[in-house]
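> Kindly return the folded structure for what I paste below:
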Amino acid sequence: MCFELYALLDFLREATIQNCILVWITDNESSTWAVNKGSCKDPASRVLLASILELCDLHRLQIIALWVPREQIQFYDYLSHLSTYLNRSTVYGHLAAKSNNKQIINMNRKYYLYSLNRGVLA
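From the prediction side, this is the model:
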């Protein structure tokens with residue numbers, strides 16, 4: 001759980017967002033519960049969680065943590081591992097898909113992943 005919370009804390013330290021709701025998607029169920037409840041049993045995770053909640057108060061952010069099974073977020077899981085492999089904290093760009101006639105269709109969806117292991121999606 002520490003890796004996921006550390007990624008979230010690192011994002012909040014560098015982010016310039018404020019006065020909004022942040023939806024955090026992760027495949028770690030215990031991290032999801034910890035963020036939504038505001039508490040956890042693991043002492044190391046508790047320290048990270050306290051820092052996360054303090055930054056949220058400072059920037060007037062509300063966090064909603066969503067748990068999604070790893071099988072349903074394989075693309076983002078791949079990006080998080082890619083960012084770790086490249087030793088980069090961010091991976092960003094545009095999504096595109098191929099249609100039946102093999103032309104590329106821009107889906108007008110940007111992805112932004114901030115990750116150490118699993119990530120924050122905004």
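
> Strands of this protein, residue ranges please.
20-26, 61-67, 90-98, 104-115, 119-121 (DSSP state E).

> which regions of this structure sit below the pLDDT cut-off?
Flagging of the chain using pLDDT under 70 yields the residue ranges 1, 80-81, 83-84, 88-122.

> can you pull the contacts of the closest residue to Ile73 other than its chain neighbours?
Among residues not flanking Ile73 along the chain, Asp27 sits closest, at 6.0 Å (C-beta to C-beta, 6 or more residues apart in numbering). In this view, the C-beta of every residue, glycine as well, is placed from N, C-alpha and C. Taking C-beta atoms under 8 Å, 6 or more residues apart in numbering, we find Asp27 in contact with 67-70, 73, 77, 118.

> Could you report the neighbour count for the closest residue to Arg46 other than its chain neighbours?
What sits nearest to Arg46 in space, not counting adjacent residues and going by C-beta to C-beta, 6+ apart, is Cys40, at 5.5 Å. Cys40 has 19 neighbours, counted by other C-beta atoms under 10 Å.

> Same question for Ser39.
13.

> quick one, phi psi at it?
When read as degrees, to the nearest 10, the backbone of Ser39 gives phi -160, psi 160.

> Let me see the contact set for it.
Per C-beta under 8 Å, 6+ apart, neighbours of Ser39: 46, 49.
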